[in-house]
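Chemist: Show me how the following folds:
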Amino acid sequence: MSRALSAEMLAVATADIVRPIYLVKAEFDSTPPEDRNLYLWSGFGDLTFNGKNYLGVGNLLSISAVDESTDLTATGASIVLSGIQSPLLAIARDEDYQGRPITIYLGALDDTGDLIASPTVLFSGFMDVMTISEAGETSTISVTAENKLIAFDRSYVRRYTAEDQKIDYPNDMGFEFVAKIADQEIIWGRASPASGQGGGSGDGDGRPRRNSV
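Modeler: Numbers count the residues shown, from 1 in each chain. Next comes the predicted model:
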């Protein structure tokens with residue numbers, strides 16, 4: 001998959017000295033105005049990116065190799081954060097995380113230690129399984145993430161029911177009587193006369209014909 005790099009990132013790729021960094025944004029279902037999303041980066045101190053303050057965790061943050069293929073295969077990634085204490089642990093433990101977006105950026109620092117503009121998205125997907133391992137006063141959090149392409153492997157089941165229709169159109173009543181129609185007896189066409197009725201055969205229009213004397 002091709003990626004559009006900013007002019008600054010292209011210059012980094014050809015520079016003699018490269019100072020790459022990772023930034024991780026894990027989005028939880030937090031209620032505004034409280035922002036309980038996780039913003040981490042692989043350096044030390046605070047780093048501002050897109051108006052958000054990223055917490056530097058240094059080498060406590062490790063990211064698996066991010067693989068890509070040309071056949072639209074959904075490959076995942078894993079993020080491990082070790083040596084963390086209670087504030088970050090509380091977010092991981094209490095927030096709903098499964099299926100929430102997670103993004104990994106590849107960036108770089110300039111000679112003065114400032115962030116070079118426009119880090120590129122290295123991985124974008126959804127959090128899948130989170131494992132918390134406690135060790136004394138600190139803990140380790142491991143998160144496996146699924147690529148967005150995983151959506152192509154899921155089957156979407158829709159039904160001809162009023163409840164299903166209201167998912168997309170809340171005021172649509174077109175399927176309100178579908179359940180009753182399933183048990184409804186419908187007579188199609190014109191009823192035939194009873195056999196032998198009127199002492200003669202029918203005329204073909206449904207009326208009995210009288211016998212001649």
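Chemist: now the helices: where do they sit in this protein?
Modeler: Secondary structure of the chain (DSSP state H): helices located at 7-13, 86-94, 162-168, 178-182.
Chemist: Take the ones you listed and write them to JSON lines, including mean neighbour count.
Modeler: Every C-beta, even on glycine, is put in place using the N, C-alpha and C of the backbone. Output for the helices of the chain, formatted as JSON lines (neighbours: other CB atoms under 10 Å):
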{"stretch": "helix 7-13", "mean neighbour count": "14"}
{"stretch": "helix 86-94", "mean neighbour count": "14"}
{"stretch": "helix 162-168", "mean neighbour count": "12"}
{"stretch": "helix 178-182", "mean neighbour count": "10"}
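Chemist: Enumerate every residue touching T161.
Modeler: 175, 178-179 (CB atoms under 8 Å, 6 or more residues apart in numbering).
Chemist: got CSV for those residues, with distance to A92 and pLDDT too?
Modeler: CSV is the format used below for the contacts of T161 (distance: CB to CB, whole Å; pLDDT from 0 to 100):
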residue, distance to A92, pLDDT
F175, 42, 82
V178, 44, 76
A179, 44, 74
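Chemist: Closest one to T131 out of those, please.
Modeler: Among these, F175 lies closest to T131 (CB to CB), at 42.8 Å.
Chemist: where do the strands sit along this structure?
Modeler: 20-26, 38-41, 46-49, 52-56, 61-63, 77-84, 101-108, 120-135, 138-147 (DSSP state E).
Chemist: give me the beta-bridge partners of K25?
Modeler: Y39, T103 (DSSP bridges).
Chemist: Oh, that last question was meant for E134, not what I typed.
Modeler: Beta-bridge partners of E134, as defined by DSSP bridges: S139.
Chemist: Kindly provide the distance from it to T140.
Modeler: According to CB to CB, to the nearest Å, E134 stands 8 Å off from T140.
Chemist: now V57
Modeler: Distance, V57 to T140, using CB to CB: 12 Å.
Chemist: Closest one of the contacts of T161 to S62?
Modeler: F175 (50.7 Å).
Chemist: what about the closest one, how many neighbours?
Modeler: F175: 17 surrounding residues under other CB atoms under 10 Å.
Chemist: cool, and G174?
Modeler: 10.
Chemist: do the one 3 residues further on as well
Modeler: Here the number of neighbours of F177 (other CB under 10 Å) works out to 11.
Chemist: Tell me how far it lies from V66.
Modeler: From F177 to V66 the distance is 51 Å (CB to CB).
Chemist: circling back: of the helices of the chain, which is nearest D29?
Modeler: Per CB to CB, nearest to D29 of these: helix 86-94, 10.8 Å.
Chemist: And the average pLDDT for the closest one is what?
Modeler: Helix 86-94 comes out with an average pLDDT of 72.
Chemist: Using CSV, list the CA coordinates for it.
Modeler: Extracted in CSV, the C-alpha atoms of helix 86-94 (Å, rounded to 0.1, in the frame of the first residue of the first chain):
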residue,chain,number,x,y,z
SER,A,86,-2.1,2.9,38.5
PRO,A,87,-3.4,5.9,36.4
LEU,A,88,-2.8,4.3,33.0
LEU,A,89,-3.8,0.9,34.4
ALA,A,90,-7.2,2.3,35.5
ILE,A,91,-7.9,3.4,32.0
ALA,A,92,-7.0,0.1,30.5
ARG,A,93,-9.0,-1.8,33.1
ASP,A,94,-12.2,0.4,33.3
